[in-house]
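Colleague: Predicted model and sequence below, questions to follow.
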Amino acid sequence: MSDQSDDALTFDRTAIGTPGLVQSLTPLVRRVLAPNQGPFTFTGTCTYIVGSGHLALIDPGPDLAEHIELVLHELRGQSIDHIVITHTHRDHSPAARAIQAATGAQIIGCAAHQPAQAASESRMDASHDLDHKPDLLMQEGDVLSADGFHLEAIATPGHAANHLCFALREENSLFSGDHVMAWSTSIVAPPDGNMADYMHSLDKLRSRSETIFWPGHGGPVQEPQRFMRGLVHHRRQREASILKCLASGHATIAEIVPRIYEGLDPRLIKGASLSVLAHLQDLLNREKISSSSGRADLEAQYKLGAGLSRIQD
């Protein structure tokens, strides 16, 4: 799921195909595009088929009958052994159960979502697949050794607390879920999304050697190290813009969003507000700002900490 409101990077918003078509990407990877286009999902969720004969399916997508039927039809005569989930947002994992029922495959990968405890935060649970029940959890460094390929799990919380990426060793590539996408920056929406975790996970991926990323939406991330440097710079610039807004007396998220997201599509205001909230939460944890409520929430008023009171434009 994407923020799509960020414009400080050069994004590749080229269409990657149409739902209902199966594309062969590499000797080991095929892609099926789910028919769930939208402002947060771009052309739809990318479901990846890895291997030949005995297969792994990465992010089977939303619970849409036409998509599930297409995947099963494409894979007839082959064995789906594993259904691998990067994270439990509802555009990525729900189809796993119907595909498992049809094939007997194991559902593996990320853990089930842990709902927020506070009533004021429970609104965010609607974005998660609360019925997700994996057969086998994968954690940092775990490897799925399958017929002709290996998938290594890399813990990348930030976009979602349970987010995993998966490195395909044979092709030096990485399935990046919603953590890194070429068409847009990822939304980081508290309480499940966490900006500090997101930045740490970017640093982790920047230390790796994969040369191409296959994301959950949109086309491949080419030159991922360069692109991730841009993502880090972009987030730092976004933080600086928020601090300048606070220095100018714009104290609420409702005041900040239109000043740092000019010409924003109205459908993306909520997502932009949550991304600003994630930055404010991080700044509050680092004691760079203070909040009228004592915590980061959408309705609070914010102001700079004493040491930042003279930020200039």
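Modeller: Yes, it's here.
Colleague: Could you find the closest non-adjacent residue to Ile85?
Modeller: Computed as Cβ to Cβ, 6 or more residues apart in numbering, the closest residue to Ile85 that is not its neighbour in sequence is Gly109, at 3.9 Å. Quick note: C-beta positions are derived from backbone N, CA and C, even for glycine.
Colleague: so what's the residue nearest in space to the middle of the chain up against?
Modeller: Geometric centre of the chain, nearest residue: Asp178, 2.3 Å, by Cα atoms, centre = their mean. Applying Cβ atoms under 8 Å, 6 or more residues apart in numbering, we find Asp178 in contact with 1-2, 86-87, 89, 92, 159-160, 163, 186, 215-217.
Colleague: nearest to Ser209, of the residues you listed?
Modeller: Pro215 (17.9 Å; Cβ to Cβ).
Colleague: Backbone dihedrals for the closest one, both of them.
Modeller: phi -90, psi 170 (degrees, to the nearest 10).
Colleague: Am I right that it is in contact with Ser176?
Modeller: Yes. Taking contacts as Cβ atoms under 8 Å, Pro215 lies within contact range of Ser176: 4.9 Å.
Colleague: what is in contact with those two at once?
Modeller: Common neighbours of Pro215 and Ser176, counting by Cβ under 8 Å, 6+ apart, are Val221.
Colleague: where along the protein do the helices fall?
Modeller: 65-74, 95-103, 195-206, 224-247, 253-260, 269-285 (DSSP state H).
Colleague: Take those helices and lay them out in CSV including distance to Thr18 and mean pLDDT.
Modeller: Formatted as CSV, the helices of the chain follow (distance: least, Cβ to Cβ, whole Å; pLDDT from 0 to 100):
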stretch, distance to Thr18, mean pLDDT
helix 65-74, 12, 95
helix 95-103, 18, 98
helix 195-206, 30, 98
helix 224-247, 25, 97
helix 253-260, 33, 96
helix 269-285, 25, 95
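Colleague: which one of these has the most crowded surroundings?
Modeller: helix 269-285 (a mean of 21; mean count of other Cβ atoms under 10 Å).
Colleague: and that one, what does it pack onto?
Modeller: helix 195-206, helix 224-247, helix 253-260, strand 289-291 (3 or more Cβ pairs under 8 Å, 6 or more residues apart in numbering; DSSP states H and E).
Colleague: Next, the angle helix 253-260 makes with that helix.
Modeller: 110 degrees (axes from the mean of the first three to the mean of the last three Cα atoms, to 10 degrees).
Colleague: then helix 269-285 to PDB, C-alphas only?
Modeller: The C-alpha trace of helix 269-285 is given here as PDB (Å, rounded to 0.1, in the frame of the first residue of the first chain):
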ATOM      1  CA  ILE A 269      -5.400  13.200   2.300                       C
ATOM      2  CA  LYS A 270      -5.900  10.500   4.900                       C
ATOM      3  CA  GLY A 271      -2.800   8.700   3.800                       C
ATOM      4  CA  ALA A 272      -0.700  11.900   3.800                       C
ATOM      5  CA  SER A 273      -2.000  12.700   7.300                       C
ATOM      6  CA  LEU A 274      -1.000   9.400   8.600                       C
ATOM      7  CA  SER A 275       2.500   9.700   7.100                       C
ATOM      8  CA  VAL A 276       2.900  13.100   8.800                       C
ATOM      9  CA  LEU A 277       1.700  11.500  12.000                       C
ATOM     10  CA  ALA A 278       4.400   8.900  11.700                       C
ATOM     11  CA  HIS A 279       7.100  11.600  11.300                       C
ATOM     12  CA  LEU A 280       5.700  13.500  14.300                       C
ATOM     13  CA  GLN A 281       5.600  10.300  16.400                       C
ATOM     14  CA  ASP A 282       9.300   9.700  15.500                       C
ATOM     15  CA  LEU A 283      10.200  13.400  16.300                       C
ATOM     16  CA  LEU A 284       8.300  13.100  19.600                       C
ATOM     17  CA  ASN A 285      10.100   9.900  20.600                       C
END
